[in-house]
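[1] Fold the following for me, if possible:
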Amino acid sequence: MLLYVDLDMDQISEGYVILMTGLFIVFSALFSLFLFFRFGMSYLLYIYKIITKGRDRKIEDIAVDADEDFTGEIAAAIATAIHMYLNEQHDKENPILTIKQAKKQYSPWSSKIYGTHNRL
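    Now for the predicted structure:
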């Protein structure tokens, strides 16, 4: 048995169709987010726990790989270059602002008072 629905646009306006479609999309998205946070997050946290599972390491156990060729002179040269670069970006401008007011001629075309009052 086939279900036949006559969607005559005279009986059901397009607004109701758009309303029902929008409500269906919103509530299906909310339901899928509910399912994801209810079941999917626990699964993802379980996988994350398996991936990151390892022996606990203390800070003392971590070895630092030091570069013997990197000296204080190299660090000072890099810091000086960065300092000079950052200070050269800004221009020295006059801090005094002069604001001149421009006079506009009156025009009845731009006046809104004539459009707000009814003159009968």
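[2] From now on I want contacts and neighbour counts done on CA atoms only, so please keep to that.
    Will do.
[3] Tell me which stretches of this protein form helices.
    Listed in chain order, the helices of the chain (DSSP state H) span 14-35, 41-51, 72-88, 113-116.
[4] Switch those over to a markdown table; also include mean neighbour count and distance to K103.
    Formatted as a markdown table, the helices of the chain follow (neighbours: other CA atoms under 10 Å; distance: least, CA to CA, whole Å):
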| stretch | mean neighbour count | distance to K103 |
| --- | --- | --- |
| helix 14-35 | 12 | 52 |
| helix 41-51 | 11 | 65 |
| helix 72-88 | 11 | 40 |
| helix 113-116 | 9 | 20 |
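[5] Can you lay out the ones you listed as TSV showing distance to Q105?
    Shown next, in TSV, are those (distance: least, CA to CA, whole Å):
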stretch	distance to Q105
helix 14-35	49
helix 41-51	67
helix 72-88	45
helix 113-116	16
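[6] Mind checking these for the one nearest to Q101?
    helix 113-116 (24.0 Å; CA to CA).
[7] that older thread, weakest of the helices of the chain in terms of mean pLDDT?
    Lowest mean pLDDT within the helices of the chain: helix 113-116, at a mean of 62.
[8] Report how many residues lie close to D65.
    Using other CA atoms under 10 Å, D65 has 6 neighbouring residues.
[9] For it, report the pLDDT, please.
    The model's pLDDT for D65 equals 75.
[10] For I96, give me phi and psi.
    Torsion angles at I96 (phi, psi; degrees, to the nearest 10) stand at phi -90, psi 120.
[11] actually T98, not the one I wrote
    According to degrees, to the nearest 10, T98 has phi -110, psi 120.
[12] Could you check how far it is from L35?
    62 Å (CA to CA, to the nearest Å).
[13] Next: E88.
    55 Å.
[14] What is the neighbour count of I96?
    Neighbours around I96, by other CA under 10 Å: 6.
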